[in-house]
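K.L.:
I would like to see how this sequence folds:
(2 chains)
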Amino acid sequence: MTVSGATADVSPSPAVAQHGPVAGFGHLLAAEWTKIRSVRSTFWTLIAFVIVTIGFTALISWVTEANWTGPHAAARDATALADPTAIIFGVAVYLGQLTLCVLGALVITSEYSTGVIRASLLAVPRRLPMLLAKVVVFAIVIGILAEIVAFGSFFVGSAILHSRVSVSLSDGGVLRATIGAGLYLTVFGLFAMGIGTLVRATAGAISIAIGVAFLLPILAGLLPDTSFWNHLVGYLPEQAGSLVYLVHITSSQRVLSAWEGFGVLCIWALLALGVGAYLLERRDA
Amino acid sequence: MIEVRDLTKRFGPKVAVDHLSFVVQPGQVTGFLGPNGAGKSTTMRLILGLDRPNSGEATINGRHYAELADPLRTVGALLEAKSVHTGRSARNHLLFLAQTQGLPARRVDEMLDFVGLREVAKKRAGSYSLGMSQRLGVAAALLGDPQVLLLDEPVNGLDPEGVLWIRNLMKQLAGQGKTVLVSSHLMNEMAVTADHIIVIGRGQLLANASTAEVIARGSGRSVLVRTPDADKLTELITAAGGSVVPGHNGGPVDPDDKAPILTVTGVPAARIGELAASASLVLHELTPLLATLEDAFLELTSDHVEFGHRDAAEPVRASDGSVR
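P.N.:
Alright, predicted model coming up:
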């Protein structure tokens, strides 16, 4: 490297001099878009998201189709007949959401772990608009991709299941479930982002988000089937939110409608982001 | 101009910045000195709005940092702690910063050229050497052509070439009428860079004066003299109230040296020259030791060292560099 700068003149640049009005929210969105597209973790987690989600849709659909009326298949076949979307989305979304939990947490915690948060806040000392721009860009990016993946999963799954169960988007609730799968994944990613803003540490944030997405449902399954527990469990983020990508829920643990459940998930995400925003505003960076 | 008024910051029971007040004027390089843990970085973070003060305030050109519209057009900062995503390229780092200020991408390329990072601009910042990282930090600080600059230990760990670059840059920026506040624990670096010096210890203001004044204030102020008439000159200096020690910096004294080195304290260089002239003594060298800024500094901070062994605070140590 040369010392070319040592003698160069630091004259004000015309590029700086001819600036327009004060940078508005559009500029913050542009900056956050540059940030999210310029790190590899975004690319790799999103690749993983597409592969895991569509991959498990294909796998579960194929297993169902290939072992139709096979040994121990009665319950699964019944589910497939009652609600093919449960086969198409159930496991796929359950596992696919983990990749978005990782990305959601990383977009904010990696700013802290690398220290770039300091540069970000020096450039945009109004912390809430900075966070809002980050949320909007993240929501748009994963929202679009999650919907594409949801419809991709549906077409892959329905094509594989075709010989056993016929399911189309025009069937009652199926279009809602497909759109709902994308919405659920997006909002769960935002929930993880809220946790990341709260916790700031990558490992902690990912652990909490995945714990809520992955472990709470398993633990909830162990609880007694009483009205009290069903209501409590029914309002947990994963349990409530997952209703929106299923057509028929047979479980007695169901206490909300599909859109009510999605609304509850949105409230969880807003709560996490809200507390995160409050702390971001108050804490030393 | 940077104004700090009665600024206080506590971390739990520890007071990092203690009712600190000072003003940093434009058009000169202001050195911000203090031992490690004195609160230099915290003060800078408070000025920049990264940390919230418990009381008091800091303003830049009369406004709080958070109130500045497009702050990078007013203030540039180079922090000691890393402020770059290791996985992001230098160009994308500068690009997102430029976008937040509504600056064109052209400005990013200008700054990459200016700091000499054009060729590696697309490589991940994590792969950069310390010198390259520092250049990226400088590019980020100067991106918006700010009037005010805060540099936290900018030469730390740099090679001599990098140190010279930063030093010239700071002088150049101050020469353009900008406000330059640069923190350091390296006294000698400040002696050659700063026009004005603010010294803090344990978060409190210890000195706020021109560099020359701070040096003059140090009692361990010394002058290096080389003369073939060592004995006579020693007599004269002693009579004038000064003290003379053979040799310099504890180095070996050669008894056969025709013009031995003497280290003089308590009498300024000009007075030594006058004394020698009055007795027609020959001087081969007469050098005021600028390194005594270190002594002045150690003396000022002797009671304020946060993590030092206590004997570093003894007055003896203050003249250890030149007098024994």
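K.L.:
and residue 42, how many residues sit next to it?
P.N.:
Went with chain A since none was named. 20 (other Cβ atoms under 10 Å in any protein chain shown). No exception for glycine: its C-beta is placed from N, CA and C like everyone else's.
K.L.:
was after chain B, sorry
P.N.:
21.
K.L.:
Am I right that it is in a helix?
P.N.:
Yes: according to DSSP: H, G, I helix; E, B strand; the rest coil, the state of B:Thr42 is that of a helix.
K.L.:
Once you drop chain neighbours, what's closest to it?
P.N.:
Spatial nearest neighbour of B:Thr42, chain neighbours left out: B:Ala16 (4.5 Å); criterion: Cβ to Cβ, 6 or more residues apart in numbering or on different chains.
K.L.:
Assign a three-state SS to that neighbour, would you?
P.N.:
Under the three-state scheme (three-state DSSP), B:Ala16 adopts strand.
K.L.:
do you know how far it is from B:Thr193?
P.N.:
For B:Ala16, the distance to B:Thr193 equals 25 Å [Cβ to Cβ, to the nearest Å].
K.L.:
What of B:Lys232?
P.N.:
39 Å.
K.L.:
what's the answer for B:Pro26, then?
P.N.:
Distance from B:Pro26 to B:Thr193, by Cβ to Cβ: 16 Å.
K.L.:
what's the residue most central in space within chain A in contact with, if anything?
P.N.:
With distances taken as Cα atoms, centre = their mean, A:Gly189 lies nearest the centre of chain A, 2.5 Å away. The contact partners of A:Gly189, taken as Cβ atoms under 8 Å, 6 or more residues apart in numbering or on different chains, are A:Gln97, A:Leu100, A:Cys101, A:Leu103, A:Gly104, A:Phe138, A:Ala139, A:Ile142, A:Ala146.
K.L.:
For the helix or strand hosting the second one, which helices and strands make contact with it?
P.N.:
Counting by DSSP states H and E, the element that carries A:Leu100 is helix A:84-114. Packed against helix A:84-114, as judged by 3 or more Cβ pairs under 8 Å, 6 or more residues apart in numbering or on different chains; DSSP states H and E, are the following elements: helix A:40-66, helix A:74-82, helix A:116-123, helix A:127-161, helix A:174-199, helix A:202-210.
K.L.:
Least confident of those helices, on average?
P.N.:
Least confidently modelled of these is helix A:74-82, at a mean of 85 by mean pLDDT.
K.L.:
now what about that one, what contacts it?
P.N.:
Taking Cβ under 8 Å, 6+ apart as the rule, helix A:74-82 contacts A:Thr64, A:Trp68, A:Thr69, A:Ala86, A:Ile87, A:Leu161, A:Arg164, A:Val165, A:His248, A:Thr250.
K.L.:
JSON lines for the residues you listed, including neighbour count?
P.N.:
Output for the contacts of helix A:74-82, formatted as JSON lines (neighbours: other Cβ atoms under 10 Å in any protein chain shown):
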{"residue": "A:Thr64", "neighbour count": "23"}
{"residue": "A:Trp68", "neighbour count": "15"}
{"residue": "A:Thr69", "neighbour count": "8"}
{"residue": "A:Ala86", "neighbour count": "20"}
{"residue": "A:Ile87", "neighbour count": "27"}
{"residue": "A:Leu161", "neighbour count": "22"}
{"residue": "A:Arg164", "neighbour count": "17"}
{"residue": "A:Val165", "neighbour count": "20"}
{"residue": "A:His248", "neighbour count": "14"}
{"residue": "A:Thr250", "neighbour count": "12"}
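K.L.:
ok, residue 175 - how many residues close by?
P.N.:
No chain specified, so I'll use chain A. 14.
K.L.:
could you do chain B instead?
P.N.:
Neighbour count for B:Gly175, taken as other Cβ under 10 Å: 13.
K.L.:
returning to that earlier point: of B:Pro26 and B:Thr193, who's got more company?
P.N.:
Using other Cβ under 10 Å as the criterion, B:Pro26 and B:Thr193 rank with B:Thr193 on top: 24 against 16.
K.L.:
you'd agree A:Ala139 is up against A:Phe188?
P.N.:
No: counting by Cβ atoms under 8 Å, A:Phe188 is not a contact partner of A:Ala139; they are 11.6 Å apart.
K.L.:
So for the two, which sits in the more crowded spot?
P.N.:
Using other Cβ under 10 Å, the more surrounded residue of A:Ala139 and A:Phe188 is A:Phe188, with 29 against 18.
K.L.:
Excluding sequence neighbours, find me the nearest residue to that one.
P.N.:
A:Gln97 (4.9 Å).
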